[in-house]
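Trainee: next come a sequence and a model predicted from it.
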Amino acid sequence: MPRKKQYQWHMDGGPETELGPSRSAKKRQCHALQALGQELTLLAPADWQHLDLPPDLLEALHLHARIRDKEGKRRQLQYIGRLMRHTNAEALQAALAARKDAAAADAARFHAAEQWRERLLTATQQELAGVVEEWLRHVATQADTSARTDWPALIAAAREEQARQQEQLASGKKQPPHARRALFRALAAALAPAPQA
């Protein structure tokens with residue numbers, strides 16, 4: 001079969017300048033849409049409702065979640081990729097990126113709360129006042145949350161509970177760390193961003 005010529009000529013003698021995307025570009029676009037569809041399958045079904053997806057795509061995602069056969073899942077994923085051609089992929093990618101950013105911010109906030117809790121619980125009695133003062137300066141921007149929290153009482157209860165648990169560990173009894181958890185929740189709440197009006 002003869003090779004197709006690169007330029008097609010019109011009747012008026014000028015070259016046709018409007019060439020569509022190449023097959024490779026179309027294939028890359030299809031693979032990108034299928035990857036986006038696969039990312040959707042990893043979300044919880046309740047999260048799909050917040051993404052403004054077409055009904056047929058929602059139905060395909062629910063069916064994918066019920067399929068247990070590996071080959072069936074693969075074929076359903078290809079079907080989801082085909083349905084993704086009729087969605088606003090850019091808006092969907094932006095929504096998924098925003099979800100990832102929010103999840104990363106939450107994880108960072110919880111790690112920071114864990115680190116502050118450990119600093120407050122492992123500080124010696126002489127260092128404790130300085131650590132508490134540093135913590136209060138750190139959350140001074142969110143006065144509405146930290147003003148209602150009795151930090152000295154929470155920290156003292158968690159430190160007492162930690163000392164009791166070390167004694168109970170030697171005797172073989174162990175109680176749940178209620179005060180440590182309460183301190184962690186208060187720290188995480190104080191580190192949460194202020195609600196936007």
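Mentor: It's in. Residues are numbered from 1 along each chain as shown.

Trainee: show me the contacts for A91.
Mentor: D52 (CB atoms under 8 Å, 6 or more residues apart in numbering). The C-beta positions use only the backbone N, C-alpha and C, and glycine is treated the same way.

Trainee: domain parsing of this structure, as residue ranges.
Mentor: The chain breaks down by automatic domain parsing into domains covering 23-87, 103-191.

Trainee: find the helix or strand that L61 is a member of.
Mentor: helix 55-66 (DSSP states H and E).

Trainee: residues of that helix that come out buried?
Mentor: L57, L58, A60, L61, H64 (16 or more other CB atoms under 10 Å).

Trainee: ok, now stretch 28-46?
Mentor: Across stretch 28-46, burial judged by 16+ other CB under 10 Å covers L33, Q34, L36, G37, L40.

Trainee: stretch 48-57 too?
Mentor: W48, L51, L53, L57.

Trainee: stretch 83-100 too?
Mentor: Neighbour-count burial for stretch 83-100, counted by 16+ other CB under 10 Å, picks out L83, M84, T87, L92, L96.

Trainee: got the contact list for the third one?
Mentor: What that stands for is T87. L53, P54, L57.

Trainee: is it possible to export the residues you listed to TSV including pLDDT and distance to Q162?
Mentor: Shown next, in TSV, are the contacts of T87 (pLDDT from 0 to 100; distance: CB to CB, whole Å):
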residue	pLDDT	distance to Q162
L53	86	48
P54	88	53
L57	89	51
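
Trainee: in a markdown table: the residues you listed, plus distance to L187.
Mentor: Formatted as a markdown table, the contacts of T87 follow (distance: CB to CB, whole Å):
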| residue | distance to L187 |
| --- | --- |
| L53 | 37 |
| P54 | 42 |
| L57 | 41 |
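
Trainee: which one of those is nearest Q166?
Mentor: L53 (52.1 Å; CB to CB).

Trainee: what about the closest one, which SS state?
Mentor: Following DSSP: H, G, I helix; E, B strand; the rest coil, the label given to L53 is coil.

Trainee: that one reaches L61, doesn't it?
Mentor: Yes: L53 is within contact range of L61, at 7.5 Å (criterion: CB atoms under 8 Å).

Trainee: what stretches of the protein score poorly on pLDDT?
Mentor: 1-19, 141-148, 172, 194-197 (pLDDT under 70).

Trainee: the longest helix along it vs helix 55-66, what angle?
Mentor: Criterion DSSP state H: the longest helix present in the chain is helix 89-122. Angle, helix 89-122 to helix 55-66, by axes from the mean of the first three to the mean of the last three CA atoms, to 10 degrees: 50 degrees.

Trainee: which element follows helix 89-122 toward the C-terminus?
Mentor: Assigned by DSSP H and E, the successor of helix 89-122 is helix 125-138.
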